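K.L.:
Quick one, structure for this:
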Amino acid sequence: MSGHSKWSTIKRKKEKVDSARAKVFTKIGKEISVAVKMGGADLNKNSRLRDVVLKAKANNVPNSNIDRIIKKAAGEGSKSNYENITYEGYGPEGVAIIVKALTDSKNRTAANVRHYFDKFGGNLGSTGCVSFLFKKKGVIHVQLEKSQQEDFMEFCFNCSALDFKISDDDVASAIVAPEDFYDFLNKLESKGYSVLSASVEEVPDIFVEVKDSTNKERLQNLIDSFEEDDDVQEVYTNCKDC
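P.N.:
This next block holds a predicted model:
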């Protein structure tokens, strides 16, 4: 799972999900378990659980899997105690990176994150060193038919989207304020649009273009290493074309 670009390439994201579906399901399942333990199993009373369930559905986790994880977490089936930890640092050419992890071993996760930064030409920074470059925003991607493009643009205007874009492969992206996220998504789905992914992410204010091909490859390897780590839930960068 990744939010490392304002207009994340959906094709790449879908390929990664398809090639590592079990890993994605495991990571989201861990988030669901933690959300239940923190706020209970009632989606109407637990906003964090509601957020994670939405993410799970956007990543094609079957409803039966979601229900099973919630029931297990609400009972005595899971004894693991996970902790949310955020790491910040820099990649090649000063690209800002935020790594969000959910772990039952802070020492293991910290060692892994530091190793990835060192291996691919980055460096782990202190808390707050890059987070000021990002803002939380709702990011929604939909599959769009050509006949829907004008209607989608009008919809975004009427529903006060902060920004939107229609790409060449008929994938549309909308950016909304976090407080408008659920209302926007519900209205979008009620109009019959096919939602590919939807989540509240760390969106950068300023983007950095990595021009050197070697550095670009190292940065991509760094991002991939984070995403492949079982403890890492989300990776965000301000790289323009990653």
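K.L.:
Strands of this structure, start to end?
P.N.:
83-90, 96-103, 123-124, 134-143, 163-166, 171-176, 194-204, 232-237 (DSSP state E).
K.L.:
a markdown table for those, including mean pLDDT?
P.N.:
Listed next are the strands of the chain as a markdown table, based on pLDDT from 0 to 100:
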| stretch | mean pLDDT |
| --- | --- |
| strand 83-90 | 95 |
| strand 96-103 | 96 |
| strand 123-124 | 97 |
| strand 134-143 | 92 |
| strand 163-166 | 92 |
| strand 171-176 | 93 |
| strand 194-204 | 88 |
| strand 232-237 | 94 |
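K.L.:
who wins for proximity to residue 226 among the ones you listed?
P.N.:
Smallest distance to residue 226 across the strands of the chain (C-beta to C-beta): 4.6 Å, for strand 232-237. All C-beta spots, glycine's among them, are computed from the backbone N, C-alpha and C.
K.L.:
So what touches that closest one?
P.N.:
Identification of contacts with strand 232-237 by C-beta atoms under 8 Å, 6 or more residues apart in numbering yields 1-5, 27, 30-31, 91, 95-102, 109, 113, 134, 201-204, 219, 223, 226-227.
K.L.:
Turn the strands of the chain into TSV, columns for mean neighbour count and distance to residue 66.
P.N.:
Listed next are those as TSV, based on neighbours: other C-beta atoms under 10 Å; distance: least, C-beta to C-beta, whole Å:
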stretch	mean neighbour count	distance to residue 66
strand 83-90	17	20
strand 96-103	23	17
strand 123-124	15	34
strand 134-143	20	20
strand 163-166	16	29
strand 171-176	22	24
strand 194-204	20	15
strand 232-237	25	16
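K.L.:
Grab the CA positions of stretch 58-74 and hand them over as PDB.
P.N.:
Only the C-alpha atoms of stretch 58-74 are listed here, as PDB (Å, rounded to 0.1, in the frame of the first residue of the first chain):
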ATOM      1  CA  ALA A  58     -10.900  -0.300  -1.600                       C
ATOM      2  CA  ASN A  59      -8.200  -3.000  -1.600                       C
ATOM      3  CA  ASN A  60     -10.700  -5.700  -2.500                       C
ATOM      4  CA  VAL A  61     -10.500  -7.500   0.900                       C
ATOM      5  CA  PRO A  62     -13.500  -9.800   0.900                       C
ATOM      6  CA  ASN A  63     -16.300  -8.900   3.400                       C
ATOM      7  CA  SER A  64     -16.100 -12.300   4.900                       C
ATOM      8  CA  ASN A  65     -12.400 -11.700   5.700                       C
ATOM      9  CA  ILE A  66     -13.200  -8.300   7.300                       C
ATOM     10  CA  ASP A  67     -16.000  -9.800   9.400                       C
ATOM     11  CA  ARG A  68     -13.800 -12.700  10.600                       C
ATOM     12  CA  ILE A  69     -10.900 -10.300  11.600                       C
ATOM     13  CA  ILE A  70     -13.300  -8.000  13.500                       C
ATOM     14  CA  LYS A  71     -14.900 -10.900  15.400                       C
ATOM     15  CA  LYS A  72     -11.500 -12.400  16.200                       C
ATOM     16  CA  ALA A  73     -10.100  -9.100  17.500                       C
ATOM     17  CA  ALA A  74     -13.200  -8.500  19.600                       C
END
